[in-house]
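[1] Everything below, folded, please.
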Amino acid sequence: MLTARKRQKIQNGFRTAARWVAARRDASAISISTFWNDSRGGVALSFGLTSLALFGAVGASVDYSRASALRTAMQSALDSTALSLAEGNQSVDQALQTFNAVFVHREVQNLSVSGDASGGTGNTSIDLNASGSVDATFMGVMGISKMTLAVHSSARKFADGLRLKRCRLS
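    Now for the predicted structure:
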């Protein structure tokens, strides 16, 4: 059996629900001009729109810094490979093994190394190129799924009249 107090709580609950439904029905009839002129909650809307751009910029900077670090490691590995080839200490196969041993970043996909050698016994010129791609973590939300990495290295070996051999990167 319901007491008077419980009956009052149930009736108040029905009244609250009826007011809520009526308010939602009336809210759908609000005109666009009323919505446009209403200044309540304007900060939340502008914060929401601004935060999308802010999070996108922060994510892009994280992806770019990761790609830049990978590019620097790739450049270092290619430079050491070019110097070892220019000195004549290694064959091409050994030099590629050196590159793969120095550059051990599995996140770089489609890695390719190519090169060209020219010169004679005293002077040697080595030109190497390496390229690959890395998946973008945060920029994928903005439609950029991969970033391409490409580096170039040139090494020259010179022999002067004193029979000194020098190698340098250019």
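
[2] quick one: the helices in the protein?
    Applying DSSP state H to the chain gives helices spanning 4-27, 32-37, 42-87, 92-102.

[3] lowest-confidence stretch among these?
    Looking over these, mean pLDDT reaches its minimum on helix 32-37, with a mean of 63.

[4] about what we covered before: do you know which of the helices of the chain lies nearest residue 147?
    With C-beta to C-beta as the criterion, residue 147 lies closest to helix 42-87 of the helices of the chain, at 4.7 Å. Quick note: C-beta positions are derived from backbone N, CA and C, even for glycine.

[5] Who are the packing partners of the closest one?
    If contacts are counted by 3 or more C-beta pairs under 8 Å, 6 or more residues apart in numbering; DSSP states H and E, helix 42-87 sits against helix 92-102, strand 108-119, strand 124-135, strand 146-159, strand 165-169.

[6] on that earlier part again, and the helices of the chain: which comes nearest residue 109?
    Across the helices of the chain, residue 109 has its closest neighbour in helix 42-87 (11.0 Å, C-beta to C-beta).

[7] OK, contacts around the spatially most central residue of the chain?
    In the chain, the residue lying closest to the centroid (C-alpha atoms, centre = their mean) is residue 63, at 2.3 Å. Contact analysis of residue 63 by C-beta atoms under 8 Å, 6 or more residues apart in numbering lists 136, 137, 138, 139, 147.
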